[in-house]
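> just need the structure, nothing else, for what follows:
(3 chains)
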Amino acid sequence: MPELPEVEIVKQSLSQNIQQKKIQKVIIKNRNLRFKIPSKFEQLLKNKFIVKVSRFSKYLIFNFSDRSFCLVHLGMSGTIHLIKKNNLNNFTNTSFYNSSNLPKKHNHVEIRLKNLKIIYNDPRRFGFFRYIKNEQELKKKFEHLGPEPFFKEFNLKYLMNYFKNKKKDIKSFLLDQKFVSGIGNIYASEILFLCKINPKKEAFKLTKKEGKKIISFSKIVLNKAIKKGGSSIRDFKNILGENGNYQKEFKVYQKESGNCPRNKCKGKIKKIVVAKRSTFYCNICQK
DNA sequence: AAGAGGCCCTGATAGC
DNA sequence: TGCTATCAGGGCCTCT
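Next comes the predicted model:
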């Protein structure tokens, strides 16, 4: 579900609220996430002091004062909710990320801080929590991931070299985290529309000019999505209970059979399946 | 090495 | 009302 911008919004919201706080207790209600949460997990996190919350690609990272970490991935349907204790000593939901009201089902992980509870909800359980002993182990977890679009390593030389002899379509590469990390299914379609590149175009056929466009529009789309608070295509809410707004900017995603929004283009938005995922594009201006 | 496909899982929705 | 099929912001693993 969440791509880099949505995870960034969660990170920012968490940063404002849980940094410099100590974990008092961890309660696991269902250990069977993507990776089984080991039984020692609760004890490992207990009394850890959260120095900082950071993010790489679509991963959230809790940084503890003893230089260990907790790595969190939201998978397709994971959401994080923050619940604050009010003056009446009740826990009231201030609504993090996806919902102003805590869902009744699938609240698998609860992390208690002083006057605060972090709840992890995930119906499909494709997300995970992992305790990471040290920096080396964390680096290892990210070893297989390519640069984020924002990194200087994501440059023209890197792209053109990577695409040499690659017959696979460009859409698949935008989704491939080994090539570039952080882009998901929504933003891949949106980026390619802005680049005027057909999602099925074979990577090795891309020109330098197109490579440059991919680099710049990847940054532009993700940055704008972050600025707009992410995309709410279901019940996404941020910490203030507000929707993200980038879904209003979608040019092609879920716009099947609509007119191409590009000025003077008479094309229609088509939906096809690429890399097993729905893909939207204009049948005329994306070549 | 590169690419295709299966699989993990629940819930919403469409069609009969 | 209920059944079945299809589809969802992801990513790992295996096979050719």
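> low-confidence ranges in the stretch 51-200 of chain A?
Applying pLDDT under 70 to the stretch 51-200 of chain A flags residues A:86-101.
> could you pull out the helices for it?
For the stretch 51-200 of chain A, applying DSSP state H, counting those that start in this stretch gives helices covering A:135-142, A:156-163, A:170-175, A:185-195.
> so residue A:153 sits against residue A:147, correct?
Yes - Residue A:153 is within contact range of residue A:147, at 4.1 Å (criterion: C-beta atoms under 8 Å). All C-beta atoms are positioned from the backbone trio N, CA, C, and that covers glycine.
> who has more neighbours out of those two?
residue A:147 (16 against 11; other C-beta atoms under 10 Å).
> residue contacts, that one?
Counting by C-beta atoms under 8 Å, 6 or more residues apart in numbering, residue A:147 makes contact with A:153, A:154, A:158, A:180, A:181.
> of all those, which comes closest to residue A:272?
residue A:180 (21.4 Å; C-beta to C-beta).
> show me what stretch A:203-213 is in contact with.
A:156, A:159-160, A:162-170, A:173, A:194-197, A:214.
> write the ChimeraX selection for whichever of those residues are buried.
To isolate the buried members of those in ChimeraX, using 16 or more other C-beta atoms under 10 Å:
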select /A:159,160,162,163,166,169,170,173,194,195,196,197,214
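> filter the contacts of stretch A:203-213 down to the ones close to DNA strand B.
Within the set of those, contact with DNA strand B (C-beta under 7 Å from any atom of the strand) is found for A:165, A:166, A:167, A:168.
> all strands in chain A, in order from the N-terminus.
A:21-22, A:25-28, A:49-56, A:59-64, A:69-73, A:79-85, A:91-93, A:107-113, A:116-121, A:128-132, A:269-274, A:277-282 (DSSP state E).
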